[in-house]
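Trainee: predicted coordinates and the sequence they were generated for:
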Amino acid sequence: MEHIIRNKYRSTFEEKLLEEIIEVSTIKDFKEGEKLMEIGEYIKKIPLLLEGAIKIIREDQREGEIVLYYIEEGDTCAMTLTCCLGETKSQVRSIAERDGSVVLVPVGKMDEWLVKYKSWRNFVLNSYNNRMNEMLTAIDSLAFMNMEERLCNLLRSKAKIYNSRFINNTHQELADELNTSRVVISRILKTLENEGIIQLNRKYIELLKP
């Protein structure tokens, strides 16, 4: 565990903080599709993502779900940090987008390290800033973009997360993330194929124009 954490965060945290993280933390492996945090849960651990990708989802019982942002390697979840500081229940759900592992830090270290380590303060503030920008993008997408633009953005985000132009999600899975119907997504995907933006295949979608 020590070797993995040092390799991932050597350029982010000072040596003394790395030693504390290694001492108090545990590593959890997860699989694609696994639910890592549920709405209404109290947060007991701060996640630092070593490998993989996690999507953060907001749910409305009447309107369905919307993906707020993705957590990528080296990141943490700003919504989780907010819950830790306020000792409140989670307002979001997190689901593994692809296989990976996460470092779990006890929440009691949150306040202590904010005072003790400049690198931790910078990490937390940068995480808030990055996630806020991504949430604003999600709001802009809902408010100002049509479904074709939103789908294109989603496909590009997934290509970035997987570092591949091949996207393995089904039409239904894409529809669920955009809170629309499979029929709508299938129709738009066919339009994008006709425009030369993607290539539809039986088991994957190839993004031709990143």
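Mentor: Okay, I see it.

Trainee: tell me, what residue is most central in this protein?
Mentor: Taking Cα atoms, centre = their mean, the centroid of the chain lies closest to residue 70, which sits 2.2 Å from it.

Trainee: give me the buried positions along the helix or strand of the chain with the lowest mean pLDDT.
Mentor: For the chain, using mean pLDDT, DSSP states H and E, the weakest element among its helices and strands is helix 78-86, scoring a mean of 76. Neighbour counts using 16 or more other Cβ atoms under 10 Å place 78-84 of helix 78-86 among the buried residues. Using the backbone N, CA and C atoms, a C-beta is placed for each residue, glycine as well.

Trainee: would you map the strands across this protein?
Mentor: Ranges of strands in the chain, per DSSP state E, are 26-30, 35-37, 45-60, 64-71, 93-106, 166-167, 198-200, 205-207.

Trainee: any stretches of the chain with poor pLDDT?
Mentor: Within the chain, the stretches with pLDDT under 70 are 61-63, 85-86.

Trainee: domains of it?
Mentor: The chain resolves into domains spanning 1-143, 145-205 when parsed by the TED database.

Trainee: returning to what we had before: could I get the buried residues of helix 78-86 as CSV with distance to residue 10?
Mentor: Converted to CSV, these look like this (distance: Cβ to Cβ, whole Å):
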residue, distance to residue 10
78, 23
79, 26
80, 23
81, 22
82, 27
83, 28
84, 24
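
Trainee: out of these, which is nearest to residue 55?
Mentor: Sorting the buried residues of helix 78-86 by distance to residue 55 puts residue 79 at the head of the list, at 12.0 Å, by Cβ to Cβ.

Trainee: which residues touch the closest one?
Mentor: For residue 79, the contacting residues are 56, 68, 90-92, 131, taking Cβ atoms under 8 Å, 6 or more residues apart in numbering as the criterion.

Trainee: same check, this time on residue 121
Mentor: If a contact means Cβ under 8 Å, 6+ apart, then residue 121 has residue 114 as its contacts.

Trainee: kindly report the same for residue 78.
Mentor: Contacts of residue 78 (Cβ under 8 Å, 6+ apart): 127-128, 130-132.

Trainee: now it: closest residue in space, sequence neighbours ignored.
Mentor: Beyond its immediate neighbours in the sequence, the residue positioned closest to residue 78 (Cβ to Cβ, 6 or more residues apart in numbering) is residue 131, lying 3.7 Å away.

Trainee: fine by me, we can end here.
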